[in-house]
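Visitor: need a 3D model of the sequence below.
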Amino acid sequence: MRRVLLLMIIMLQAVIAFAEESSISNQVRQRNLKATEQYYAQLISGTINNGAELNLIMTMLPKGADLHNHYSGSLYAETYIDWLEKLKYCIYNENDAVLQVEKFRIETKPLISEAGRKKCLTADAVRNDKAFYREVLKRWSNKDYNNHYHEQNAPDQQFFDTFGYFSAASNYSAREGLNILKVRAKAENLQYLETMFKSAPDINNPNLAKQINDLPQNASEKDIYQVLSAYADLMASDPDTQQKITNYAKSIEEAAAGVDDSEFKIRFLSYVSRNNPPAQVFSGLYSAFACTQKSKLLVGVNIVGPENGYVAMRDYKLHMHMFKFLKQLFPSTKLSLHAGELALGMVPPEGLTFHIHDAVEVAGAKRIGHGVDIGHESNALELLEVMKTQKIAVEVNLTSNEFILGIKNEAHPVNLYRRYHVPLVISTDDPGVSRNNLSSEYALFVSRYKPTYNELKEVVYNSIRYSFLQEEEKAIELKALSRRFDRFEASIAKLTRTGGKLN
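Guide: Okay, the predicted model is just below:
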């Protein structure tokens with residue numbers, strides 16, 4: 001019945017689309033396209049030397065989807081401060097070893113000492129203390145990190161530490177947070193968002209956990225799968241575990257209720273942290289895979305956290321075998337994996353030689369998040385050919401890569417991927433932490449790498465093609481994207497005819 005209803009919706013939308021498309025003749029469409037190509041070529045060549053105009057056009061540009069997005073890192077620190085007021089939490093404004101409190105940390109417990117209350121500011125008090133308010137924004141995000149003196153932690157530490165500061169506030173209202181992201185997405189002509197929303201629930205069975213945690217670094221695939229199988233069997237047969245999985249999927253559906261509309265859709269990736277103990281990672285991954293069978297809103301699985309962390313590096317190959325094992329149990333589950341978010345010097349050079357390869361060839365990832373260290377991979381040319389042939393898309397996060405890794409401009413592998421025809425999508429990563437948006441990411445892509453207009457459109461269309469939507473849904477979104485480009489190109493053609501006046 002649901003499939004019949006979906007087909008009816010598709011047919012209705014096709015009729016509407018045909019009517020809209022018929023209102024624009026092919027001759028007019030081609031004329032608008034040519035005018036847009038010419039204007040765009042002038043814009044990126046410097047003939048029109050106006051960065052503000054580039055930002056304007058990239059905001060107007062239809063952008064399809066953002067496929068690499070962390071929910072909690074997408075909301076701005078100002079929102080989390082607003083939520084503190086609703087949660088009745090406070091923020092410490094200084095360090096105190098005696099009280100065991102840390103500046104900028106949120107206090108969630110209502111019963112704290114009198115001395116503690118004097119050092120813990122309400123949201124209103126934070127906003128009224130202009131100097132401390134700005135300090136909080138700087139600590140909870142990357143605000144002001146590059147444009148003047150900042151208390152300098154290493155950039156990657158600054159970035160990842162922010163989550164520990166605002167995490168207590170981030171759970172206030174998932175529905176409100178998702179609607180904030182929706183409003184911002186629609187404002188910059190984005191029609192679909194895949195976000196990493198909540199970590200999957202894990203369980204602890206001490207005996208079986210010990211077997212996984214004690215696996216030697218050189219364990220065979222057979223030995224790995226034997227202990228993983230025992231843990232998976234336990235989770236599959238345990239009613240409490242299955243209830244946790246059901247509740248997790250239900251919580252996501254409740255949070256997302258009413259967010260989708262005729263112009264915008266949101267879907268979710270479940271995830272685990274790669275810096276947890278192996279058994280915790282595996283039990284969370286089992287839940288994440290299982291959850292994709294519980295709700296159509298959960299479209300894939302990922303693994304997150306600093307890739308250069310000691311545990312992440314030590315257990316990387318084990319993690320990839322966990323994905324391979326679980327893909328055999330849940331073959332329809334799609335994977336987008338953070339891999340190659342590394343730069344020379346962050347880890348010993350041998351640590352740069354296999355992460356993307358193993359994510360593709362062992363785990364079976366359909367998309368790679370970041371993929372920055374591709375030039376250091378063993379047999380990189382063969383890997384690039386595999387990614388091209390198998391259509392493994394790379395999620396490019398330019399602002400994030402520049403801040404965390406120090407990789408930008410010609411050092412970034414964007415042009416390497418382009419040369420070998422590996423599909424690319426442009427994405428944001430954590431726009432709240434980075435204080436950016438998808439339009440600014442496209443502006444960086446265009447200004448740095450000068451893609452042709454046809455290539456730019458291809459990258460935008462890739463964001464729908466390589467999404468984890470169902471094929472029927474992709475078809476609908478691709479049609480909608482084409483209509484958006486018709487309107488965009490008509491607007492640019494009008495701009496060129498009127499000498500730069502939009503009205």
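
Visitor: hang on, E341 packs against G369?
Guide: Yes - counting by Cβ atoms under 8 Å, E341 touches G369, with 7.0 Å between them. (C-beta placed from N, C-alpha, C; glycine too.)

Visitor: give me the most central residue, the protein.
Guide: N69 (2.0 Å; Cα atoms, centre = their mean).

Visitor: what pLDDT does it get?
Guide: Per-residue confidence (pLDDT) for N69: 97.

Visitor: my read: it touches S427, true?
Guide: Yes - judged on Cβ under 8 Å, N69 makes contact with S427 at a distance of 6.5 Å.

Visitor: which non-adjacent residue is nearest W140?
Guide: Leaving aside its chain neighbours, W140 sits nearest to A77 (3.9 Å; criterion: Cβ to Cβ, 6 or more residues apart in numbering).

Visitor: from Y133, how far off is the one you found?
Guide: 10 Å (Cβ to Cβ, to the nearest Å).

Visitor: can you check A115 too?
Guide: Distance from A115 to Y133, by Cβ to Cβ: 23 Å.

Visitor: looking at the two, which is more packed in?
Guide: Y133 (19 against 12; other Cβ atoms under 10 Å).

Visitor: check which helix or strand covers the more buried one.
Guide: Assigning secondary structure by DSSP states H and E places Y133 in helix 130-140.

Visitor: likewise R267?
Guide: strand 265-273.

Visitor: who does that strand touch, helix- and strand-wise?
Guide: Helices and strands touching strand 265-273, by 3 or more Cβ pairs under 8 Å, 6 or more residues apart in numbering; DSSP states H and E, are helix 174-187, strand 192-199, helix 239-256, helix 278-291, strand 298-304.

Visitor: distance from the chain centre to the helix or strand just after the helix holding Y133, please.
Guide: Beyond helix 130-140 on the C-terminal side, the first helix or strand identified by DSSP H and E is helix 155-170. Centroid separation between helix 155-170 and its chain, computed with Cα atoms, centre = their mean, to the nearest Å, is 16 Å.

Visitor: name the residues that touch helix 155-170?
Guide: 72-73, 75, 77, 80-81, 83-84, 87, 89, 104-106, 108, 139-142, 145, 152-153, 177, 305-306, 308, 346, 400, 403-406, 430, 433 (Cβ atoms under 8 Å, 6 or more residues apart in numbering).

Visitor: cool, and stretch 235-252?
Guide: By Cβ under 8 Å, 6+ apart, stretch 235-252 touches 174, 197-198, 200-201, 203, 234, 268, 270, 283, 286-287, 290-291, 294-295, 297-298.

Visitor: coming back round to it: partners of the strand holding R267, with directions?
Guide: When sheet partners are counted by DSSP bridges, strand 265-273 sits next to strand 192-199 (parallel), strand 298-304 (parallel).

Visitor: so for the longest one, mean pLDDT?
Guide: The average pLDDT for strand 192-199 rounds to 96.

Visitor: contacting residues around that strand?
Guide: Residues contacting strand 192-199 (Cβ under 8 Å, 6+ apart): 64-71, 74, 174, 181-182, 185, 248, 251-252, 255, 264-273, 284, 299-300, 302, 304, 336, 463-464, 467-469, 477.

Visitor: same thing but 7 Å
Guide: 64-67, 69-71, 74, 181, 185, 252, 265-269, 271-273, 284, 299, 302, 304, 464, 467-468, 477 (Cβ atoms under 7 Å, 6 or more residues apart in numbering).

Visitor: list the contacts for the residue nearest to the centre of the chain?
Guide: Contacts of N69 (Cβ under 7 Å, 6+ apart): 193-196, 427-428.

Visitor: any idea how far it lies from S467?
Guide: When N69 is compared with S467 (using Cβ to Cβ), they lie 12 Å apart.

Visitor: returning to what we had before: got phi/psi on the residue nearest to W140?
Guide: phi -60, psi -30 (degrees, to the nearest 10).

Visitor: retrieve the pLDDT associated with it.
Guide: pLDDT, A77: 95.

Visitor: kindly tell me how buried it is, as a neighbour count.
Guide: Counted with other Cβ under 10 Å, the neighbours of A77 add up to 22.

Visitor: likewise for H357?
Guide: 21.

Visitor: give me the contact list for the helix or strand where it lies.
Guide: In this structure, H357 sits in helix 355-358 according to DSSP H and E. Residues outside helix 355-358 that contact it (Cβ under 7 Å, 6+ apart): 316-317, 320, 339-340, 342, 368, 371, 373-374, 377, 383.

Visitor: how about a cut-off of 8 Å?
Guide: For helix 355-358, the external contacting residues (Cβ under 8 Å, 6+ apart) are 307, 316-317, 320, 339-340, 342, 368, 371, 373-374, 377-379, 383.

Visitor: would you mind listing which of the residues you listed are buried?
Guide: Neighbour-count burial (16 or more other Cβ atoms under 10 Å) applied to the contacts of helix 355-358 gives 307, 316-317, 320, 339-340, 342, 368, 371, 373-374, 377, 383.

Visitor: which of the residues you listed lies closest to L456?
Guide: G371 (19.6 Å; Cβ to Cβ).

Visitor: and the closest one, what's its pLDDT?
Guide: So, for G371, pLDDT stands at 98.

Visitor: and if you look at M1?
Guide: 52.

Visitor: burial count for S229?
Guide: Using other Cβ under 10 Å, the number of residues around S229 comes to 13.

Visitor: repeat that for the one 5 residues further on.
Guide: Counted with other Cβ under 10 Å, the neighbours of L234 add up to 16.

Visitor: for N204, same thing?
Guide: By the criterion of other Cβ under 10 Å, N204 has 10 neighbours.

Visitor: hang on, isn't T108 packed against Y89?
Guide: Yes - the criterion here is Cβ under 8 Å, and T108 meets it with Y89 at 5.5 Å.

Visitor: more neighbours, those two?
Guide: The neighbour comparison of T108 against Y89 (other Cβ under 10 Å) goes to Y89, with 21 against 13.

Visitor: and the more buried one, what's its pLDDT?
Guide: In this prediction Y89 is given a pLDDT of 95.

Visitor: just checking, it touches P110?
Guide: No - Y89 is beyond contact range of P110, at 9.1 Å (criterion: Cβ under 8 Å).

Visitor: overlap in contacts of these two?
Guide: By Cβ under 8 Å, 6+ apart, no residue touches both Y89 and P110.

Visitor: next, S332: secondary structure please.
Guide: coil (DSSP: H, G, I helix; E, B strand; the rest coil).

Visitor: buried residues, the longest helix belonging to the chain. List them.
Guide: What stands out as the longest helix in the chain, according to DSSP state H, is helix 471-497. Across helix 471-497, burial judged by 16+ other Cβ under 10 Å covers 473-474, 476-477, 479-482, 484-486, 488-490, 492-493, 495.

Visitor: what angle do strand 298-304 and it make with each other?
Guide: Between the axes of helix 471-497 and strand 298-304, defined by axes from the mean of the first three to the mean of the last three Cα atoms, to 10 degrees, the angle is 80 degrees.

Visitor: off-centre distance for helix 471-497?
Guide: 24 Å.

Visitor: need the mean per-residue confidence for it.
Guide: 96.

Visitor: stretch 44-53 too?
Guide: 78.

Visitor: ok, then the element right after the one helix or strand in the chain whose mean pLDDT sits lowest?
Guide: In the chain, no helix or strand scores lower on mean pLDDT, DSSP states H and E than helix 2-22, which sits at a mean of 51. Under the assignment DSSP H and E, the closest C-terminal helix or strand after helix 2-22 is helix 26-45.

Visitor: export the helix or strand following that following helix to CSV, keeping only CA atoms.
Guide: Heading C-terminal from helix 26-45, the first helix or strand you meet, by DSSP H and E, is helix 51-60. Extracted C-alpha coordinates of helix 51-60, given in CSV (Å, rounded to 0.1, in the frame of the first residue of the first chain):
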residue,chain,number,x,y,z
GLY,A,51,33.9,38.6,-3.9
ALA,A,52,30.6,39.9,-2.5
GLU,A,53,28.9,39.2,-5.8
LEU,A,54,30.4,35.7,-5.8
ASN,A,55,28.9,35.1,-2.4
LEU,A,56,25.6,36.4,-3.6
ILE,A,57,25.5,34.1,-6.6
MET,A,58,26.6,31.1,-4.5
THR,A,59,23.8,31.8,-2.1
MET,A,60,21.3,31.9,-5.0
